[in-house]
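Student: Give the three-dimensional model of this entry:
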Amino acid sequence: MFKKVKYKAGDIFVIPMHDQRFAICQVISALHDRFKKVFSFGVLSIQEDEVYHGEQQYLLFTNYRGSFSMIVTASKLLAKGTWQIIDYAPLSAEQASLQYFSVSNHLYHNDDYIRILEISELQDYPPLAVAGYELVQKYLAQYP
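Tutor: Numbering: from 1, shown residues only. Sure thing, here's the model as predicted:
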């Protein structure tokens, strides 16, 4: 059994990439109740070292739905400490707005249910689409 690492929105952590580079990331939503097995994050940079240099904008990635800056994945590697927390930076207002997301046409703010979304509002909120660890690596590899 491993000692569980506590993490919160704003924590800066490192994902080692398959190509020996590192993704410097920031926790957007530290979900602990309704969605406790996942969390969301933004990628601040892809680089050769594990040092946070103060970047504040999230990188954009693409998939079949278009561009996005928030990735959702299982919390196990972060909670185990495999993805190490190295710093903290408060979320900007723009980054904190990503804490609102949709699940099956329902709007949530972190773990809190808000309301049913109108069809016309669906494009206003990112979906809580969970990516497996290999898909996360594929997203990160979009930056050569």
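Student: which residues does E118 contact?
Tutor: By C-beta atoms under 8 Å, 6 or more residues apart in numbering, no residues touch E118. For every residue, glycine as well, the C-beta is placed using N, CA and C.
Student: What strands flank the helix or strand of the chain with the lowest mean pLDDT, and is each parallel or antiparallel?
Tutor: Across the helices and strands of the chain, mean confidence by mean pLDDT, DSSP states H and E is lowest for strand 66-68: a mean of 92. Applying DSSP bridges, strand 66-68 is found paired with strand 61-63 (antiparallel).
Student: Need the contact partners of the least confident helix or strand of the chain.
Tutor: 60-62, 126.
Student: swap the cut-off to 7 Å and go again
Tutor: Applying C-beta atoms under 7 Å, 6 or more residues apart in numbering, the contact partners of strand 66-68 are 60-61, 126.
Student: One more: stretch 69-88?
Tutor: Counting by C-beta under 7 Å, 6+ apart, stretch 69-88 makes contact with 2, 4-5, 7, 10-15, 28, 37-42, 50, 52, 58-60, 98, 126, 128-131, 133, 136, 139, all of which sit outside it.
Student: Good, wrapping up.
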